[in-house]
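Dropping the sequence and predicted coords here.
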Amino acid sequence: MDKYTEKKRKNQALSKLIGSFVSEASAELIAECNTFMMFASDERMEKMKQHKGNSCKNRFCPICSWRKAKKDALALSVQMKYIEEEHQKDFIFMTLTAPNVSGEDLLEEIRIYNKAFKKMVERKEVKTVVKGYVRKLEVTYNKERDDYHPHFHVLITVNKSYFTQTKQYISRDRWLELWQQATGDPTITQVDVRKVRKNNNKEISEIAKYVGKDSDYLSNEKVFEAFYKSLKGKQLVVYSGLFKESMKLFKNGDLDKYREVDPTEYVYALMYNWGQKEYILKEKRELTEDERKQLNRNLLDEVGLEE
């Protein structure tokens, strides 16, 4: 329960900061988020899986965003298996950056990023090689300089011949030129581009994880306000091409053959309530027959993240 405890404590910090930005009802939902939870565990209580709980689902909630990220990572890994096997494609992973900005300029900088990315992917030489992408916005905060670093992580699917045919291949330096031109900022010096290796979950984690680190946006009221006003209502993840198509298939259950079955045999139900500083085990009982049927031998619905 250590991770849940850590996230719930941060949720309490969020509750104190977000009150002036949301309705009273929303603030109450956030404050009460995951104050009670039911877990299923194996016989030795070595493997646990959350089955029920009261969740606020706010994108800034450290608990909800962490759990959503694990589900998003599972979906993305399944999509990649499908695209690789059914469409015979490879992947490249790209990080697009620009100089840091102040909190006052963060919202406008994100707008510039969005326009610049759209402009770049509409270039003929890019459209020729990109068969689909999933793009994630992330913002980090630099405490020493008191500024913000918005950047894009982009997972791109390409033909397998991309890496061998010079007419298709776009070098790292050319990607940098394209990004400089799209943003109109020649001072940008860094664009990271790499081929995605098989069974490497690092790229999946970068796309799936939170838009901002909770340790960043919960720093103080000023920093939280900058994050909240800049990111509220924004589309943080964009799917295109084969990734857009495969996400629809995933949601419809058409890609279930690429999902693994959870091998754990769940035996017990564990009921936790939030105390003042930690979760307290209130009840341990055997799962009912219906609960066992519901929980055992099901497909995985989330995976771990590299943090």
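Happy to help now that I have it.

so what's the closest residue to residue 55 other than its chain neighbours up against?
With sequence-adjacent residues excluded and distances taken as Cβ to Cβ, 6 or more residues apart in numbering, residue 55 is closest to residue 64, at 5.5 Å. Every C-beta, even on glycine, is put in place using the N, C-alpha and C of the backbone. The contact partners of residue 64, by Cβ atoms under 8 Å, 6 or more residues apart in numbering, come to 33, 55, 56, 57, 58.

Now do the SS call for residue 64.
Under DSSP: H, G, I helix; E, B strand; the rest coil, residue 64 falls in the helix class.

Which elements pack onto the top strand by length along the chain?
Using DSSP state E to assign secondary structure, the strand with the most residues in the chain is strand 147-159. Helices and strands touching strand 147-159, by 3 or more Cβ pairs under 8 Å, 6 or more residues apart in numbering; DSSP states H and E, are helix 62-87, strand 89-96, helix 106-121, strand 132-142, helix 202-208, helix 242-251.

Okay, angle between that strand and strand 89-96 too, please.
Between the axis of strand 147-159 and that of strand 89-96 there is an angle of 160 degrees, by axes from the mean of the first three to the mean of the last three Cα atoms, to 10 degrees.

measure the residue nearest to residue 55 to residue 141 for me?
As judged by Cβ to Cβ, to the nearest Å, residue 64 and residue 141 stand 20 Å apart.

go on, residue 42?
Taking Cβ to Cβ as the measure, residue 42 falls 40 Å from residue 141.

same check, this time on residue 239
27 Å.

Looking at these two, which is more packed in?
Taking other Cβ atoms under 10 Å, residue 239 and residue 141 do not tie; residue 141 has more neighbours (22 against 17).

Next, the contact list for the spatially closest residue to the more buried one that is not a sequence neighbour, please.
Distances taken as Cβ to Cβ, 6+ apart place residue 216 nearest to residue 141, at 4.0 Å, with adjacent residues excluded. Shown in contact with residue 216 (Cβ under 8 Å, 6+ apart): 139, 140, 141, 223, 227.

residues near the first one, how many?
Translated: residue 139. 22.

For it, list each beta-bridge partner.
residue 150 (DSSP bridges).

Enumerate every residue touching it.
106, 110, 148, 149, 150, 151, 211, 212, 216, 227, 230, 231.

Report how many residues lie close to the third one.
Residue neighbour count, defined by other Cβ under 10 Å, stands at 24 for residue 148.

do the same with the first one
Other residues within reach of residue 106 by the criterion other Cβ under 10 Å amount to 22.

element containing the closest residue to it other than its chain neighbours, please.
Closest residue to residue 106 apart from its sequence neighbours, by Cβ to Cβ, 6+ apart: residue 230 at 4.4 Å. Assigned by DSSP states H and E, residue 230 belongs to helix 221-231.

How far off centre is the helix or strand of the chain with the lowest mean pLDDT?
Using mean pLDDT, DSSP states H and E, helix 202-208 stands out as the lowest-scoring helix or strand of the chain, at a mean of 84. Computed by Cα atoms, centre = their mean, to the nearest Å, the chain-centroid distance of helix 202-208 equals 7 Å.
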